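**Student:** mind looking at a prediction? Sequence and model below.
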Amino acid sequence: MSKSEEKKKEKEVRKEVKRRLPLKEKEPRTAFLSSFLMLPVMVGCILSHFFGLLQLPFSEIVSWVIGGIISFTGLLVVVKWLILWGKEYQGQLITYGVFQYVQHPHYLGSILLMFGLSIFFRSIVALLFSFLFVFLIAKGIEEEEKYLIKQYDNAYREYVKSVRWKLIPKVW
């Protein structure tokens, strides 16, 4: 094979690899930026726990049990997503594992974690920021879905038909 044929073949291979890789355009930022709301949630938890400021009106035991269960569930979802994403993702659409139940399990886990911590520490401030987090995540999901449609086109549209729930099974 001549040098020019080798270069041509190499160029075709690169072109095919680029075609299969994720889009180079910027991913949606709203969901990423909303993750910084975790900081005010943590500050609210600290203020409530250590200084008794703006606490939810129920006992510590109740808040520990309910908040602990919700937080643990959120952490479990996030860890399952991280493991699956870390092992499997190479630019393709993932539709199994936690993705077979909801379209955005990483956001679901984060939301559960924030609400769970807010309740665990009985923090009204953290709870309010958790609601703001949900609103921003919902906006981020809209942006991300446009991006995913551009990236995966019909495969993503079929996935959305088969997994109808964005965050909460049988709710939304």
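**Tutor:** Arrived safely.

**Student:** looking at this protein, which helix or strand does the model trust least?
**Tutor:** None of the helices or strands of the chain scores lower by mean pLDDT, DSSP states H and E than helix 30-34, at a mean of 54.

**Student:** and the closest residue in space to V160 that isn't next to it in sequence, how many neighbours does it have?
**Tutor:** Distance criterion CB to CB, 6 or more residues apart in numbering; nearest residue to V160, sequence neighbours excluded, is Q103 at 6.7 Å. (C-beta placed from N, C-alpha, C; glycine too.) Residues near Q103, counting by other CB atoms under 10 Å, number 21.

**Student:** switch to numbering from 697
**Tutor:** Fine by me, first position is 697 from now on; the one you just mentioned is Q799.

**Student:** got any ranges where this protein has weak pLDDT?
**Tutor:** 697-700, 702-734, 865-868 (pLDDT under 70).

**Student:** 90 - rerun?
**Tutor:** Applying pLDDT under 90 to the chain flags the ranges 697-756, 759, 774-804, 806-807, 810, 813-814, 817-868.

**Student:** just the endpoints, please. Distance across stretch 806-825?
**Tutor:** End-to-end distance for stretch 806-825, by CA to CA, to the nearest Å: 13 Å.

**Student:** could you confirm I790 falls within a strand?
**Tutor:** No - according to DSSP: H, G, I helix; E, B strand; the rest coil, the state of I790 is coil, so it is not within a strand.
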